[in-house]
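Asker: I'll drop the sequence and a predicted model, then ask my questions.
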Amino acid sequence: MNFQKKHCVAMLLAGGQGSRLMVLTENTAKPAVPFGGKYRIIDFPLSNCVNSGIDTVGILTQYQPLELNEYIGNGQPWHLNRSHGGVQVLPPYAKSSKSEWYKGTANAIYQNIPFIERYDPDNVLILSGDHIYKMDYAAMLQEHMKNDADCTIAVRTVPIEEASRFGIMNTNPDGSIYEFEEKPKVPKSTNASMGIYIFKWSILKKYLIADEEDPNSENDFGKNVIPAILNAGHRLFAYEFQGYWKDVGTINSLWEANMELLGEEPEFNIYGDPGKRIYARNYAMPSTFMSKKAETDNCFIAEGCEIYGTIKHSIISTGCTVAEGALVEDSVIMPNVVIESGAIVRHAIVGEDCRISANAVVGGAFPEGEAKQIAVIGKNKTIEVNQCVKPGEIC
Amino acid sequence: MTTMGIIFANIYDSSLGDLTNKRTMASLPYGGRYRQVDFSLSNMTNSGIRHIGIITKNNYQSLMNHIGSGQEWNLELMEGGLEYLTPFSTGNNAQYRGKLEALHTAMSFLEFSKEEYVVLVDSGVLCAMDFRPVVQAHARSGADVTVVVKKDVCNGEKQLDLAVLEDENGRIVDVVCDHCPDENYIAGMGIFVMRRDYLMQQVADAVAHCKYRLEREFLVPKFHSKKLTMNAFHFDGVALYNESTKEFFDNSMALLKPEVRKGLFGNPDLTIYTKVRDEVPSYYGEDAEINDCIVADGCKLEGEAERCILFRGVQLGKDAEVKDSIIMQDTIIGEGAELKYVILDKDVTVPAGAKFKGTKNHPYVVKRGTKL
């Protein structure tokens, strides 16, 4: 069957376990973790795709995919329900010769070469499902084309003292990359890879096949494929991204990214004009009710909530109830949580469908500047009356 | 037992003045994020009705914009699904003059349908209702027409399109229309069930005799001349009649009562759907004081609000003070503005420091898009 050719196909890596998010990813893939009151992490790359004019997105899933699959559905919330292309979930599948799980990021793409080939694309965009940011991939693609690059890697400037935690791209004045160092002890530059790559498909395909044939390879883009392409003398360019970007792979970074939505001039401005918004699946909730007793100070409150208590510097997601006399401070409350009267929740992340019973205490307060230990309650847990969950405790 | 639905989108358009000047009654915003038609449409899809016609007369652009293909209600414009029955001008009916004539223009829609029963719904009464028991009761009763009725609405003052009086056995003994009946009467909710073939036959016959109005020229006279049997189905949930500006204001404020919210939105099997707007959650600033309010998504709140309905995307400036008001979508209230008993339609701009006040019985209505 003949398909219309696509200029660029996006492949979204969403199969990781996200074990550093602990209980939050016990039964859920990391990209399906709720964020910012009504979103899930995967809404960000998906919305970026459609806002950048990329209408074909393969989502590679492997770990706990049920919730993620249901969430993505036919892609309609992101306007990706297309008759040709659109969003497609790509789990590993049995083949006549060799069947296996996705062994690494590069192997996941390798196993889906037939999917990509159906669209005969010029370029393939590789994305991660655990980053919070707004980015115009079309601008990056334009740079990629202008440079006639074989591979373009999005980078952002990090403080030099943190550079040794990242993959660092050392570049020439024209932006071309002459060296790639994974977590260098003595970094030469501060261009950290964001894990967002655009490849010429013809080049990537060749190196994916070669990588697969190498028994010593870990089948990873950063460790294997990109160094191989660089060492072979191909044209690699860095594309500098200026806006907000956060890897929310840890409890602390997930909490921080949520908090960075708050304030009069938030660090991450999630607002956008139509066509530049972040889209999410919608669950038809009524408007929120704020009672006479409700007290709010610098917070995000989504739809379908009933608020009778005090909310300070927090994110309250869809469908939550906060009873009279309860206090929520410096916390992320995920969807459909009930917080009963007299309960106190501070510096905590409370998973979906939890109940914090009357007079329970979750987490604690930390003075300004002190390292914060975030208490975490996994999905669907009940904290009993008067129970105490200590700061930093995970349950 | 198969059922289809017909929604009348504009029946009371003139009675809400500026609020329905540029939109149909059905697309009147309600409760922070809904349009009135959301309730009728959601009730139908929640009742398993998959084939729905929406009869429109004037100003139906905003209605079509809101409903689109019906996908938020799990409908689609393909086979079955949703059909817009816009005015179809022929030599003998340039504009219809009543529900019967409107149904007459929709005759081919009825004719090519296969369902046994039709539920007809106005857009003026808000409720969350499962129509299945109504259709079942209708079939059991053997009556020609079932009207859904609500107790404790008639008070001698409120005008109703239709009201019935029952004897002690629950049999209808009187039917009146366009009247303010006393509290012995039971108010119609603008919801009727009939067999499709019966409806088509009656519509054709009535229009042939120059009768256009469903209640006044068909139901009431036929009932009194004993040519039509009528059955009443009592609805005991929350039913809000939004047929005047005052009623609209009071019914909006009724959402501040938990029992009303529960009655309209509390049953997950009767979820009320609406158009998705991809707004961010509402932001409550450091100085925001939001007490006893309904707040939709996408708001940026820095000022004070008390007993208000704040629709999607409302911006409330610092030190602004808004009380007992309905503020519709994307309206911007400047710093230090003071408002009481106002209804600000969509996209209104209130400059900093402005003061406007209506009264409880006559809320001050500001037209859509006005820059005060």
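Answerer: Great, that's in hand.
Asker: low-confidence stretches in chain A?
Answerer: A:1-3 (pLDDT under 70).
Asker: may I ask you to name the longest strand in chain B?
Answerer: The residue-count maximum for a strand in chain B (DSSP state E) belongs to strand B:186-195.
Asker: I'd like the next helix or strand past that one.
Answerer: Once the chain leaves strand B:186-195, the next helix or strand it forms, by DSSP states H and E, is helix B:196-208.
Asker: helices or strands up against that next one?
Answerer: Contacts defined by 3 or more CB pairs under 8 Å, 6 or more residues apart in numbering or on different chains; DSSP states H and E place helix B:196-208 against helix B:99-105, helix B:107-111, strand B:117-121. C-betas here are computed from N, CA, C, even on glycine.
Asker: show me where the stretch 201-350 of chain A has strands.
Answerer: Using DSSP state E, counting those that start in this stretch, the strands of the stretch 201-350 of chain A run over A:236-240, A:245-247, A:288-290, A:295-297, A:299-301, A:306-307, A:310-312, A:315-316, A:321-322, A:327-329, A:332-333, A:338-339, A:344-346, A:348-350.
Asker: what residues does the first one touch?
Answerer: When contacts are defined by CB atoms under 8 Å, 6 or more residues apart in numbering or on different chains, strand A:236-240 is touched by residues A:140, A:143-144, A:147, A:149-157, A:169, A:171, A:175-177, A:180, A:191, A:226, A:229-230.
Asker: do that again at 6 Å, thanks
Answerer: Applying CB atoms under 6 Å, 6 or more residues apart in numbering or on different chains, the external contacts of strand A:236-240 come out as A:140, A:143, A:147, A:149, A:151-155, A:169, A:171, A:175-177, A:191, A:230.
Asker: could you do the fifth one as well?
Answerer: Around strand A:299-301, the neighbours that count as contacts under CB under 6 Å, 6+ apart are A:37, A:261, A:288, A:311, A:314, A:315, A:316, B:281, B:282, B:283, B:284.
Asker: closest to residue B:113 among these?
Answerer: Using CB to CB, residue A:288 comes nearest to residue B:113 of these, at 39.8 Å.
Asker: what is the burial count for the spatially closest residue to that closest one that is not a sequence neighbour?
Answerer: Excluding the flanking residues, the one nearest residue A:288 by CB to CB, 6 or more residues apart in numbering or on different chains is residue A:305, at 4.3 Å. Applying other CB atoms under 10 Å in any protein chain shown, we find 29 residues neighbouring residue A:305.
Asker: was I right to think residue B:36 contacts residue B:27?
Answerer: No - the criterion here is CB atoms under 6 Å, and residue B:36 misses it with residue B:27 at 7.2 Å.
Asker: of the contacts of strand A:236-240, which belong to helices?
Answerer: A:140, A:143, A:230 (DSSP state H).
Asker: so which residue of the stretch 51-200 of chain A comes closest to chain B?
Answerer: Closest contact between the stretch 51-200 of chain A and chain B, by CB to the nearest CB, is at residue A:76 (6.9 Å).
Asker: give me every residue in the stretch 151-300 of chain B lying close to chain A.
Answerer: B:265, B:271, B:273, B:276, B:278, B:280-284, B:286, B:288, B:290-297 (CB under 6 Å from any CB of the partner chain).
Asker: which of the helices and strands packed on helix B:196-208 sits closest to chain A?
Answerer: Minimum separation from chain A across the helices and strands packed on helix B:196-208 (CB to the nearest CB) falls at strand B:117-121, 19.5 Å.
Asker: what strands line up against whatever helix or strand comes next after the closest one, and which way round?
Answerer: Heading C-terminal from strand B:117-121, the first helix or strand you meet, by DSSP H and E, is strand B:125-126. Paired with strand B:125-126 in the same sheet, following DSSP bridges, are strand B:240-241 (antiparallel).
Asker: so what touches stretch B:107-118?
Answerer: The contact list for stretch B:107-118 (CB under 6 Å, 6+ apart) reads B:2, B:3, B:4, B:53, B:85, B:135, B:194, B:195, B:196, B:199, B:200.
Asker: at 7 Å what do you get?
Answerer: B:1-4, B:6, B:51, B:53, B:83, B:85, B:135, B:193-196, B:199-200, B:203 (CB atoms under 7 Å, 6 or more residues apart in numbering or on different chains).
Asker: just the buried residues of it, please?
Answerer: By neighbour count on 16 or more other CB atoms under 10 Å in any protein chain shown, the buried set for stretch B:107-118 is B:109, B:110, B:113, B:115, B:117, B:118.
Asker: and whichever helix in chain A runs longest, what's buried?
Answerer: Secondary structure assigned by DSSP H gives helix A:201-213 as the longest helix of chain A. Using 16+ other CB under 10 Å as the test for burial, helix A:201-213 gives A:201, A:203, A:204, A:205, A:207, A:208, A:211, A:212.
Asker: C-alpha coordinates for it, CSV please?
Answerer: Written as CSV, here are the backbone C-alpha positions of helix A:201-213 (Å, rounded to 0.1, in the frame of the first residue of the first chain):
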residue,chain,number,x,y,z
TRP,A,201,16.5,8.8,8.4
SER,A,202,18.8,7.2,5.9
ILE,A,203,21.8,7.8,8.2
LEU,A,204,20.0,6.7,11.4
LYS,A,205,18.7,3.5,9.8
LYS,A,206,22.2,2.5,8.7
TYR,A,207,23.7,3.1,12.2
LEU,A,208,20.8,1.4,14.0
ILE,A,209,21.4,-1.7,11.9
ALA,A,210,25.1,-1.6,12.5
ASP,A,211,24.5,-1.0,16.3
GLU,A,212,22.2,-4.0,16.4
GLU,A,213,24.9,-6.2,14.9
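Asker: return the distance of it from the chain's centre.
Answerer: 26 Å (CA atoms, centre = their mean, to the nearest Å).
Asker: so which elements touch that helix?
Answerer: Applying 3 or more CB pairs under 7 Å, 6 or more residues apart in numbering or on different chains; DSSP states H and E, one finds that helix A:201-213 contacts helix A:105-110, helix A:113-117, strand A:123-128, helix A:226-231.
Asker: show me what contacts residue A:378?
Answerer: Contacts of residue A:378 by CB under 7 Å, 6+ apart are A:23, A:24, A:26, A:351, A:395.
Asker: can you redo the helices and strands packed on helix A:201-213 as a markdown table with mean neighbour count?
Answerer: Below are those laid out as a markdown table (neighbours: other CB atoms under 10 Å in any protein chain shown):
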| stretch | mean neighbour count |
| --- | --- |
| helix A:105-110 | 24 |
| helix A:113-117 | 14 |
| strand A:123-128 | 24 |
| helix A:226-231 | 19 |
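Asker: would CSV of the ones you listed with distance to chain B be doable?
Answerer: Shown next, in CSV, are those (distance: least, CB to the nearest CB, whole Å):
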stretch, distance to chain B
helix A:105-110, 30
helix A:113-117, 27
strand A:123-128, 20
helix A:226-231, 35
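Asker: TSV for the ones you listed, including distance to residue B:124?
Answerer: Conversion of those to TSV gives the following (distance: least, CB to CB, whole Å):
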stretch	distance to residue B:124
helix A:105-110	56
helix A:113-117	52
strand A:123-128	49
helix A:226-231	64
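Asker: among those, which is nearest residue A:373?
Answerer: Distance to residue A:373, taken as CB to CB, is lowest for strand A:123-128 among the helices and strands packed on helix A:201-213, at 26.7 Å.
Asker: wait, does the helix or strand just after the closest one contact chain B?
Answerer: Counting by DSSP H and E, the next helix or strand C-terminal to strand A:123-128 is strand A:131-133. No - Strand A:131-133 lies apart from chain B when judged by CB under 7 Å from any CB of the partner chain; the minimum separation is 13.4 Å.
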